[in-house]
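> this one's sequence-less:
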């Protein structure tokens, strides 16, 4: 990792502060988890267990563990900050695990912090509860307390019987996109120490935020004490205040920016969960805020309600022989960072940096134009 030239002159306190910012104390890590059940069976894998392949998300992985691995090898100060994430009882390696071979390159080892971090899972394949077929590596997910799943309303393409989205409900209604509570119930069994399950939603100006109510102009103020010919006071209505016309696109953009700022400020001020990777910041959304501002919150709430109903039904069934692992449910939101205001054109920047040179250039241009004009006039006279 290359450091800026002035770094060595900084005080130790500033160096430590820099590495604290670069190490993502509450990190978000994205992993692909693949269960190729039929491929494993055809390759001779035992029928009694299931083999899950955990690997970093591809092709663009912005997980916090990558930044930590690089930062920890910069100097003594960086290692003093990052070592708690890479070593100790709360550090857990998630890649490479069996069946992936071990690597000597420590930069490629995905190590997460169980107390601070969030594990974002992109699951592909068949979900089977561990009481039916236990994991081949039983301790691979031990200690993980927070897991997040992407929530997307779009239906998977292609054959709906294939597991492109293993959480999608497989009912007969082709327009039913709701997540299957049974699939979520089985998925939770992979994580014996799980405390909270999140759905992750990206906020966009187009479909994610509810449209604001119609804008209303404020009532016109009354003023004046003039009287008519009968001596009664006149009521003079002041002109309507001039307000900028807000188009539908502008209203949607304003609602989007207001929602993003509201989720961010609320999460930071009220101590809600907050995570970071190298590209985005993720904020926990309160129930009332998500219900008021998010389009997707209604189907998410229905999924949570169905899952809680399933838990209650299984608790009431005294014959169910397996443990019922109930967890908290929540929503994380993230969004693109606001764009920086456009910088001044290159010509203006150069002119400000070297005004003398700009004046000389203008003089040359003026002289050249005058010479060309004189030459044209001379040719016209001839």
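Cool, got the structure. Keep in mind that this is a model prediction, so the values were computed, not measured.

> Correct me if wrong: residue 58 contacts residue 32.
Yes. The criterion here is Cβ atoms under 8 Å, and residue 58 meets it with residue 32 at 7.0 Å. Every C-beta, even on glycine, is put in place using the N, C-alpha and C of the backbone.

> Look up which residues are beta-bridged to residue 209.
As for beta bridges, residue 209 partners with residue 294 under DSSP bridges.

> tell me the contacts of it?
Applying Cβ atoms under 8 Å, 6 or more residues apart in numbering to residue 209 gives the contacts 203, 252, 255, 256, 259, 293, 294, 295.

> so how far is residue 330 from it?
Separation of residue 209 from residue 330 (Cβ to Cβ, to the nearest Å): 19 Å.

> ditto for residue 228
Distance, residue 228 to residue 330, using Cβ to Cβ: 65 Å.

> Which one of those two is surrounded by more residues?
Neighbour totals were compared for residue 228 and residue 330, and residue 330 leads with 20 against 8 (other Cβ atoms under 10 Å).

> List the beta-bridge partners for the more buried one.
Listed beta-bridge partners, residue 330: residue 198 (assigned using DSSP bridges).

> Give the full set of residues in contact with it.
When contacts are counted by Cβ under 8 Å, 6+ apart, residue 330 touches 196, 197, 198, 199, 273, 284, 285.

> Local confidence estimate at it?
pLDDT, residue 330: 95.

> now do residue 215
Confidence score, pLDDT, at residue 215: 44.

> remind me which residues of the stretch 201-350 of the chain are low pLDDT?
Low-confidence segments of the stretch 201-350 of the chain (pLDDT under 70): 207, 211-226, 231, 233-246, 248, 338-350.

> where along it do the strands fall?
For the stretch 201-350 of the chain, applying DSSP state E, counting those that start in this stretch gives strands covering 222-223, 236-237, 274-276, 281-284, 328-334.

> Just tell me which of these ends up closest to residue 247.
Closest approach to residue 247 among those (Cβ to Cβ): strand 328-334, 25.4 Å.

> Could you dump the strands of the stretch 201-350 of the chain into TSV with distance to residue 40 added?
Output for those, formatted as TSV (distance: least, Cβ to Cβ, whole Å):
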stretch	distance to residue 40
strand 222-223	79
strand 236-237	79
strand 274-276	32
strand 281-284	33
strand 328-334	31
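
> and residue 191, which of those strands is closest to it?
When these are compared by Cβ to Cβ, strand 328-334 sits nearest residue 191, at 12.9 Å.

> Once you drop chain neighbours, what's closest to residue 91?
Nearest residue to residue 91, sequence neighbours excluded (Cβ to Cβ, 6 or more residues apart in numbering): residue 111, at 5.4 Å.

> I'd like the mean pLDDT over whichever helix or strand that neighbour is part of, please.
Taking DSSP states H and E as the definition, residue 111 sits inside strand 110-113. Averaging pLDDT along strand 110-113 yields 94.

> For that strand, which outside residues touch it?
27, 29, 31, 56, 63, 65, 68-69, 84-86, 90-95, 119, 144.

> mind redoing it with 10 Å?
Residues outside strand 110-113 that contact it (Cβ atoms under 10 Å, 6 or more residues apart in numbering) are 23-31, 54-56, 61, 63-66, 68-69, 72, 84-88, 90-97, 117-119, 143-144.

> Okay, and which of these map to strands?
Among the contacts of strand 110-113, the members found in strands (DSSP state E) are 28-31, 54-56, 91-95, 118-119.

> Now which of the contacts of strand 110-113 would you call buried?
23-31, 54-56, 61, 63-66, 68-69, 72, 85-86, 91-92, 94-97, 117-119, 143-144 (16 or more other Cβ atoms under 10 Å).

> one step back: which one (most neighbours) among the contacts of residue 209?
Among the contacts of residue 209, residue 259 has the most neighbours (other Cβ under 10 Å), with 24 neighbours.

> and that one, what does it touch?
The contact partners of residue 259, by Cβ under 10 Å, 6+ apart, come to 203, 205, 208-210, 212, 285, 289-290, 292-294, 333, 335.

> Would you state the helices of the stretch 251-382 of the chain in chain order?
287-293, 297-316, 346-353, 355-381 (DSSP state H, counting those that start in this stretch).

> who's in contact with the shortest one?
When contacts are taken as Cβ under 10 Å, 6+ apart, the neighbours of helix 287-293 outside the stretch itself are 199, 201, 203, 208-210, 212, 255-256, 258-260, 262-263, 266-267, 284-286, 296-298, 300-301, 304, 330-331, 333.

> Name all residues that make contact with the residue most central in space within the chain.
Central residue of the chain (Cα atoms, centre = their mean): residue 334, 3.4 Å from the mean position. By Cβ under 10 Å, 6+ apart, the residues touching residue 334 are 28, 200-203, 260, 263-264, 275-277, 279-283.
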